[in-house]
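Undergrad: I need the structure of the sequence given here:
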Amino acid sequence: QVQLVESGGGLVQAGGSLRLSCAASGRIFRINAMGWYRQAPGKQRELAATITSGGNTAYADPVKGRFTISRDNAKNTVYLQMNSLKPEDTAVYYCNANHWRPDGRGLTDYWGQGTQVTVSS
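TA: Sure thing, here's the model as predicted:
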């Protein structure tokens, strides 16, 4: 099993910044992609940003140019730097890790418990 623990959420005013961190631990074999998803009240969970083990990144349109995802493979940690935050960024942010199974039978998705980000206007 792989555990993901997020930190860095909180309350910030519009235009401010926050940095989220997510550390993976446990029986780690090899992590493929890692990412951040978010879920606002009454809405479905949606992708914010992803990063491959090689460092290739992808962003959802609403966060492009404001959010930056990065990772430290040696620490099995992924980060999300969020700048120019808007009230519509308010959501619970979840970390995701796509993990190779040691038995070679594909990939397993793991999720963190979520961290609340609230942006006031």
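Undergrad: can you tell me how far residue 47 sits from residue 30?
TA: 22 Å (Cβ to Cβ, to the nearest Å). Every C-beta, even on glycine, is put in place using the N, C-alpha and C of the backbone.
Undergrad: Between the two, which is the more surrounded one?
TA: residue 47 (14 against 11; other Cβ atoms under 10 Å).
Undergrad: counting contacts, what elements does the strand or helix carrying that one pack onto?
TA: Taking DSSP states H and E as the criterion, residue 47 maps to strand 46-51. For strand 46-51, the packing partners by 3 or more Cβ pairs under 8 Å, 6 or more residues apart in numbering; DSSP states H and E come out as strand 30-39, strand 57-59, strand 67-72, strand 77-82.
Undergrad: Return the list of strands paired to it, each annotated with direction.
TA: strand 30-39 (antiparallel), strand 57-59 (antiparallel) (DSSP bridges).
Undergrad: In the first one, which residues are buried?
TA: In terms of neighbour count (16 or more other Cβ atoms under 10 Å), strand 30-39 has its buried residues at 31, 33, 34, 35, 36, 37, 38.
Undergrad: And the contacts of that strand?
TA: By Cβ atoms under 8 Å, 6 or more residues apart in numbering, the list of residues contacting strand 30-39 from outside reads 2, 20, 22, 24, 45-53, 69, 71, 73, 76, 78, 80, 89, 91-100, 107, 114, 117.
Undergrad: Pull the distance from that strand to the chain's centre.
TA: 6 Å (Cα atoms, centre = their mean, to the nearest Å).
Undergrad: Please name the bridge partners of the residue nearest to the spatial centre of the chain.
TA: The chain has residue 36 as the residue nearest its centroid, 2.3 Å off, counting by Cα atoms, centre = their mean. On the basis of DSSP bridges, residue 36 is bridged to residue 49, residue 95.
Undergrad: pLDDT at it, what is it?
TA: Listed pLDDT for residue 36 reads 98.
Undergrad: what does the one 10 residues further on give?
TA: As predicted, residue 46 sits at a pLDDT of 97.
Undergrad: count of neighbours near it?
TA: Residues near residue 46, counting by other Cβ under 10 Å, number 12.
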